[in-house]
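Colleague: dropping the sequence and predicted coords here.
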Amino acid sequence: MRSRIRELTQVELRQPFLLAAWPGMGHVALRAFAFLQESLGAQHLAVLEEPDFFQIPGAVIDKGLVQPARPPQSSFSSWRRGSGKADLLFFMGDRQPVSGKELPLAEAVLQFARKQGVSQVVTSAAMPTAINHYQPSRVWVTATHRTILKEVSPFCHRVLEDGQISGMNGLLLAVARKKGMRGFCLLGEIPFYTTTIENPKASLAVLQALAGVLDLQVDLSGLRELAVRTEKEVDRYLLELESQREEEKKPTDSEGPTTVH
């Protein structure tokens, strides 16, 4: 099956880095790269049109009315810098593909990236550890080659020596390595108990490391404020969870309700 990528415009990029992200634990990767994409004012470049890659889980209701089914959005955008290091090519996918379509999706993204002259592939992911949600998020790193690891690790806290990165945020880099492409993955630390909750603090840590690697000047204050607000939301979530557990511990009448005549 040949994937269709509809180009909206053409641009010449100077040895761009591909920054690719999909939803994952804590929404670390997608939040980080989407924030950077918007902050830099990246130009919309192309759309991946392949409905067989994705599943539409249900209907969206707006003001009481069912809306037409909309396939997930997967698109490329680009940012050119005046001088300094490489330009950037972004790929954002708002949903993971259905089972069995992961490899074709990775192939399609990398094929287009190569066409744009991409020199390195960058992904991101979450790193669940035993920290609490008030602690700073450290950034772990892994890379396709030792030389890349040596270049990037000074901007991170730890090297991921072994393990696994699930989903497209991990697979894309593995496919890139097989194709002879170079790249790295930045993993932002999140607490084990918040894997299903968005964690902008981890996204912020990832962007701070990435800004160092790519020599970027980006205002991260908006993401920093969101991280503070999310800490309070996690507090409320944990209180509600504890209250629910206490309710479940209360004894119940095993004989059921009594009817009085």
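Modeller: All right, it came through fine.
Colleague: CA atoms for contacts and neighbours, from now on please.
Modeller: Noted.
Colleague: three-state assignment of residue 189?
Modeller: strand (DSSP: H, G, I helix; E, B strand; the rest coil).
Colleague: mind listing what it touches?
Modeller: 126, 127, 128, 129, 137, 138, 139, 140, 202 (CA atoms under 8 Å, 6 or more residues apart in numbering).
Colleague: if you set the cut-off to 10 Å instead, what comes out?
Modeller: 26, 28, 125-131, 133, 135-140, 199, 201-203, 205-206 (CA atoms under 10 Å, 6 or more residues apart in numbering).
Colleague: ok, of the residues you listed, which come out buried?
Modeller: Buried members of the contacts of residue 189, scored by 16 or more other CA atoms under 10 Å, are 26, 28, 125-128, 133, 137-140, 199, 201-203, 205-206.
Colleague: for this structure, give me the ranges with low pLDDT.
Modeller: 1-3, 241-242, 246, 251-261 (pLDDT under 70).
Colleague: quick one on the thing from earlier: in strands only, show me the buried ones among the contacts of residue 189.
Modeller: Here DSSP state E is the test, and the buried ones among the contacts of residue 189 give 125, 126, 127, 128, 139, 140 as lying in strands.
Colleague: ok, and the closest non-adjacent residue to the first one?
Modeller: I take that to be residue 125. residue 187 (4.7 Å; CA to CA, 6 or more residues apart in numbering).
Colleague: what is the burial count for residue 51?
Modeller: 15 (other CA atoms under 10 Å).
Colleague: residue 66 versus that one, what's the distance?
Modeller: Separation of residue 51 from residue 66 (CA to CA, to the nearest Å): 20 Å.
Colleague: with residue 83 instead?
Modeller: Counting by CA to CA, the gap from residue 83 to residue 66 is 48 Å.
Colleague: the spatially most central residue of the chain and residue 171: what is the separation?
Modeller: Central residue of the chain (CA atoms, centre = their mean): residue 29, 2.2 Å from the mean position. According to CA to CA, residue 29 stands 14 Å off from residue 171.
Colleague: quick check: neighbours shared by these two?
Modeller: residue 123.
Colleague: for the longest helix anywhere in the chain, buried residues please.
Modeller: Ranked by number of residues, the top helix in the chain under DSSP state H is helix 221-249. For helix 221-249, burial by neighbour count (16+ other CA under 10 Å) applies to 223, 224, 227, 230, 231, 234.
Colleague: the fifth one against residue 134, yeah?
Modeller: Yes: the pair residue 231 and residue 134 passes the contact test of CA atoms under 10 Å, sitting 6.8 Å apart.
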